[in-house]
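Colleague: Quick one: sequence and predicted model below, then my questions.
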Amino acid sequence: MPEMPEVEAWIRGLDDPVSTSRVLAAGPAHIATLKTFAPPLAALEGRRFAGARRRGKWLLFPTDDDELVLRIHLMSAGRIRYLAPGAKGPKTPAFRLRFEEGGELVLTEAGAKKRAGVWLETPAQTEAELAHLGPEALGLGSERLREILATANRRLHSFLRDQRALAGIGRAHANEILNRAGFSPFALTTQLSGADVERLATAIDEDLARALELREAGKGDKDVYLVHRRLGEPCPRDHDETDGGPIHQVDYDEHTVFYCPACQTGGRILKDRRLSRLLR
């Protein structure tokens with residue numbers, strides 16, 4: 001699923017193009033992709049967007065009259081792009097907007113399952129729908145992070161992925177951040193010292209800023225992720241006496257945790273939950 005760096009890079013690239021001219025035609029949209037029916041998509045026609053915004057992993061396109069917001073979530077397989085006038089696009093995207101100057105905003109989604117979503121609503125509705133989100137992870141700072149960590153006793157990997165606690169981090173960057181900070185994914189939030197919280201806050205900022213820079217440069221997962229999906233490869237961190245790694249993993253039904261035993265768990269191999277169930 002696209003996380004803060006990838007979504008923010010898209011938003012920065014879309015901000016100018018989507019506000020250049022008015023919407024000529026809104027839709028069509030796949031029946032599973034469009035989540036609202038009132039107001040209808042046609043209400044966007046003739047309006048101009050004020051630009052592109054982001055909240056957590058959500059893409060937001062407010063109209064310049066402050067009447068409507070187009071809200072998009074890409075889930076795991078959705079992708080969004082702007083097509084310049086005359087550019088060739090997909091024949092049947094999950095969602096399409098045409099602008100008067102000839103450009104298009106298209107949403108595509110790989111695979112048969114259509115999980116990405118498009119909502120058209122008022123600003124008040126958007127605010128209410130996103131009210132559950134925690135503060136943005138990038139630039140949060142150690143003091144605010146310490147306050148949030150103290151509210152619940154949770155494993156760090158689960159905490160970082162919780163959009164109600166921090167907005168923008170998912171499974172991939174949770175793996176990257178915890179490796180950079182040198183913490184076990186199973187460590188508890190309430191067990192962190194003041195210095196540990198400082199280290200975690202620094203790791204969050206460093207990882208997300210690095211990833212955002214690479215995403216803006218057009219780099220893909222293989223350049224952005226140093227630990228995520230790197231099973232068996234050397235750990236990217238410096239190790240005092242031996243080469244780092246190899247990277248290990250713990251499988252769950254919906255996600256996989258990647259970590260380095262040498263620098264995150266004191267050499268201990270974490271129990272693979274899926275394999276344990278199979279061996280019962």
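Modeller: Sure, I can see it.
Colleague: Going by residue numbers, what spans are strands in the stretch 101-250 of the chain?
Modeller: 104-109, 117-121, 248-251 (DSSP state E, counting those that start in this stretch).
Colleague: Adding mean neighbour count and mean pLDDT, write those out as JSON lines.
Modeller: Bear in mind the C-beta positions are built from the backbone N, C-alpha and C, glycine included. Below are the strands of the stretch 101-250 of the chain laid out as JSON lines (neighbours: other Cβ atoms under 10 Å; pLDDT from 0 to 100):
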{"stretch": "strand 104-109", "mean neighbour count": "21", "mean pLDDT": "97"}
{"stretch": "strand 117-121", "mean neighbour count": "21", "mean pLDDT": "98"}
{"stretch": "strand 248-251", "mean neighbour count": "18", "mean pLDDT": "95"}
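Colleague: possible to save these as a markdown table with distance to Leu156?
Modeller: Listed next are the strands of the stretch 101-250 of the chain as a markdown table, based on distance: least, Cβ to Cβ, whole Å:
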| stretch | distance to Leu156 |
| --- | --- |
| strand 104-109 | 31 |
| strand 117-121 | 29 |
| strand 248-251 | 13 |
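Colleague: what's the closest of these to Arg154?
Modeller: Closest of the strands of the stretch 101-250 of the chain to Arg154 is strand 248-251, at 16.1 Å (criterion: Cβ to Cβ).
Colleague: C-alpha coordinates for the closest one, PDB please?
Modeller: The C-alpha coordinates for strand 248-251 follow below in PDB (Å, rounded to 0.1, in the frame of the first residue of the first chain):
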ATOM      1  CA  HIS A 248      14.600 -12.300   8.600                       C
ATOM      2  CA  GLN A 249      10.900 -12.100   8.500                       C
ATOM      3  CA  VAL A 250       7.800 -12.900  10.500                       C
ATOM      4  CA  ASP A 251       4.700 -13.700   8.500                       C
END
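Colleague: What is the following helix or strand past that strand packed up against?
Modeller: The C-terminal neighbour of strand 248-251 among helices and strands, as given by DSSP states H and E, is strand 256-259. Counting contacts by 3 or more Cβ pairs under 8 Å, 6 or more residues apart in numbering; DSSP states H and E, strand 256-259 packs against helix 171-181, strand 248-251.
Colleague: so after strand 256-259, what's the next helix or strand?
Modeller: With secondary structure assigned by DSSP H and E, strand 256-259 is succeeded by helix 261-264.
Colleague: quick one: contacts of that next one?
Modeller: 178-179, 182-185, 235, 237, 239, 242, 244-245, 248, 267-270 (Cβ atoms under 8 Å, 6 or more residues apart in numbering).
Colleague: ok, now stretch 29-38?
Modeller: Under the criterion Cβ under 8 Å, 6+ apart, residues 27, 41, 94-96, 107, 109, 114, 116-121 lie in contact with stretch 29-38.
Colleague: cool, stretch 224-241 as well?
Modeller: Contacts of stretch 224-241 (Cβ under 8 Å, 6+ apart): 5, 171-173, 175-176, 179-180, 182, 211, 214-215, 221, 243-249, 256, 258-260, 262-263.
Colleague: which parts of it are buried?
Modeller: By 16 or more other Cβ atoms under 10 Å, the buried positions in stretch 224-241 come out as Val224, Tyr225, Leu226, Val227, His228, Arg230, Cys235, Pro236, Arg237.
Colleague: circling back to that earlier point, buried ones among the contacts of helix 261-264?
Modeller: Leu178, Asn179, Phe183, Ser184, Pro185, Cys235, Arg237, Gly244, Gly245, His248, Leu270.
Colleague: Relative to Leu60, which of the residues you listed is nearest.
Modeller: Leu178 (29.0 Å).
Colleague: list the contacts for the closest one?
Modeller: By Cβ under 8 Å, 6+ apart, Leu178 lies in contact with Leu156, His157, Leu160, Ser184, Pro185, Ala203, Tyr259, Gln264.
Colleague: hmm, try it at 7 Å
Modeller: Shown in contact with Leu178 (Cβ atoms under 7 Å, 6 or more residues apart in numbering): Leu156, His157, Pro185, Tyr259, Gln264.
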